[in-house]
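In: Predicted model, plus sequence, below.
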Amino acid sequence: MRTPILILALSLTACSSDPTLYHTLATGSVGAEAAADVSQKIKSLGVGPVKLPTLLDREGMVIRKDATTVEVSDSHLWGGELEDEFLNALTQQLQLRLPATRVQGIPWELSQTPQYQVEVKLDQFDGTPGEKAVLHGLWQLQSASDSKILSSEPVALERKLTESGIEAVVRAQSNLVADLANQIVRGLAAH
């Protein structure tokens with residue numbers, strides 16, 4: 001009689017899988033370079049849209065295995081849409097650096113149209129556990145009132161990982177968003 005119960009218990013144990021973990025990008029003051037002089041010149045800044053490649057437009061995290069192989073994780077998922085996660089993190093990182101500027105993510109009311117708008121197009125935003133995290137793409141600054149492009153800069157950022165595991169990749173990706181905010185602020189200062 002114990003044998004069927006033991007077999008059932010073993011089969012249930014064999015079917016159990018790793019728990020699903022949900023991740024979000026940190027929005028703290030990681031690597032913030034305050035830019036009070038830029039913040040005085042720019043009264044309002046809109047952020048977005050953030051455009052993702054199809055590869056990243058999914059719930060599961062994209063984990064890079066090598067230059068040509070990626071894995072979409074079933075157990076490590078973004079807490080929300082990656083596009084929204086990225087937009088919110090970047091908006092908050094820019095607000096930290098531009099304290100006198102009203103920084104807001106897309107969409108905004110017509111009556112709240114900002115002076116300038118930053119759009120981001122991501123080509124790559126992933127990582128290899130134990131190795132590095134990468135953010136590649138392009139950002140452009142435009143006049144929000146007439147959509148005239150004022151400047152455009154490529155993004156090629158990487159962070160080496162000192163720890164292994166997905167959590168280290170997510171921390172590095174959060175730092176890459178902060179690095180992008182620093183790059184945008186430097187671009188605003190040059191404008």
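Out: That came through fine.

In: So which bits of the lengthiest helix in the chain are buried?
Out: Using DSSP state H to define each element, the chain has its longest helix at helix 166-190. For helix 166-190, burial by neighbour count (16 or more other Cβ atoms under 10 Å) applies to 166, 168-185, 187-188. For glycine as for every other residue, the C-beta is placed from the backbone atoms N, C-alpha and C.

In: And for stretch 37-47?
Out: Buried-residue list, stretch 37-47, by 16+ other Cβ under 10 Å: 38-39, 42, 44-47.

In: So which of these sits lowest on pLDDT?
Out: Lowest in pLDDT among the buried residues of stretch 37-47 is Ser39, which has 72.

In: Distance-wise, check Leu176 relative to Lys160.
Out: Applying Cβ to Cβ, to the nearest Å, the value for Leu176 to Lys160 is 11 Å.

In: no, scratch that, I was asking about Gln117
Out: 32 Å.

In: Look at the two and report which has more neighbours.
Out: Gln117 (24 against 9; other Cβ atoms under 10 Å).

In: Confirm the more buried one sits in a helix?
Out: No: counting by DSSP: H, G, I helix; E, B strand; the rest coil, Gln117 is not found in a helix; it is strand.

In: correct me, but it touches Gly46?
Out: Yes: in terms of Cβ atoms under 8 Å, Gln117 counts as a neighbour of Gly46; the distance is 4.1 Å.

In: what residues are up against Ser164?
Out: 129-130 (Cβ atoms under 8 Å, 6 or more residues apart in numbering).

In: one more time with 10 Å, if that's ok
Out: 128-131 (Cβ atoms under 10 Å, 6 or more residues apart in numbering).

In: How far does the helix or strand Leu94 falls within sit from its chain's centre?
Out: Remark: Leu94 resides in helix 82-97, with elements defined by DSSP states H and E. Distance of helix 82-97 from the chain centroid (Cα atoms, centre = their mean, to the nearest Å) equals 8 Å.

In: Mind giving me the packing neighbours of that helix?
Out: helix 36-41, strand 44-51, strand 69-78, strand 102-105, strand 116-128, helix 166-190 (3 or more Cβ pairs under 10 Å, 6 or more residues apart in numbering; DSSP states H and E).

In: Apply 8 Å and report the result again.
Out: strand 44-51, strand 102-105, strand 116-128, helix 166-190 (3 or more Cβ pairs under 8 Å, 6 or more residues apart in numbering; DSSP states H and E).

In: Measure how the third one sits relative to helix 166-190, angle-wise.
Out: In terms of direction (axes from the mean of the first three to the mean of the last three Cα atoms, to 10 degrees), strand 116-128 departs from helix 166-190 by 150 degrees.

In: which is the next helix or strand following strand 116-128?
Out: strand 132-143.
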